[in-house]
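Chemist: The following block contains a protein sequence and its predicted model.
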Amino acid sequence: MKAKEEWIQAALAAQKNAYIPYSKFPVGAALISKDGTIFSGCNIENASFGLSNCAERTAIFKAISEGVREFQHLVISGDTPEPISPCGACRQVVAEFCAPEMRVTLVGRGEITKETTVGELLPYMFTSKDL
Ligand code: THU
């Protein structure tokens, strides 16, 4: 299997673990470190809705808390007719840890995927350089 296909499968597998009793909207993510380790994540909701965590942030927080900080790719998947559009909060968190040139693959329920980058997802981003 090609690496990218494996990464997409990892996001889709994590999507199946989504804890979504409230929205019923499953999301998966697979964040790939520079050395090829896959950190997957799903959205995890809470009865206190605002405490819900998105799939992308689950994957990022897993990697960071394991001491990994260098990444080469992110896949985000959703049960959406078109490739999923990640939320603004997650774009900001992704931008904290991933270079603007880093590639991101967006996946929906169809065959068609969308290739983009961290910088395209969050133009004119606020970063540590702005502080
Ligand atoms: N969600 C994500 O996990 N990632 C996104 O980028 C968009 C939104 C989740 C949050 C919530 O559990 C559900 O999707 C509906 O908003």
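Modeler: That came through fine. Numbering: from 1, shown residues only.
Chemist: Spit out the contact partners of residue 72.
Modeler: If you count contacts by Cβ atoms under 8 Å, 6 or more residues apart in numbering, residue 72 has them with 32-34, 36, 102-103. For every residue, glycine as well, the C-beta is placed using N, CA and C.
Chemist: if you set the cut-off to 6 Å instead, what comes out?
Modeler: With contact set as Cβ atoms under 6 Å, 6 or more residues apart in numbering, residue 72 has these partners: 32, 34.
Chemist: Quick check: residues of the protein near the ligand?
Modeler: If contact is defined as Cβ under 6 Å from any ligand atom, the residues of the chain in contact with the ligand are 20, 23, 25, 27, 43, 45, 52, 54-56, 86-87, 90.
Chemist: Show the buried residues in these.
Modeler: Among those, those classed as buried by 16 or more other Cβ atoms under 10 Å are 20, 27, 43, 45, 52, 54-56, 86, 90.
Chemist: Restricted to helices, list the residues of the chain next to the ligand.
Modeler: Secondary structure defined by DSSP state H assigns 55-56, 90 of these to helices.
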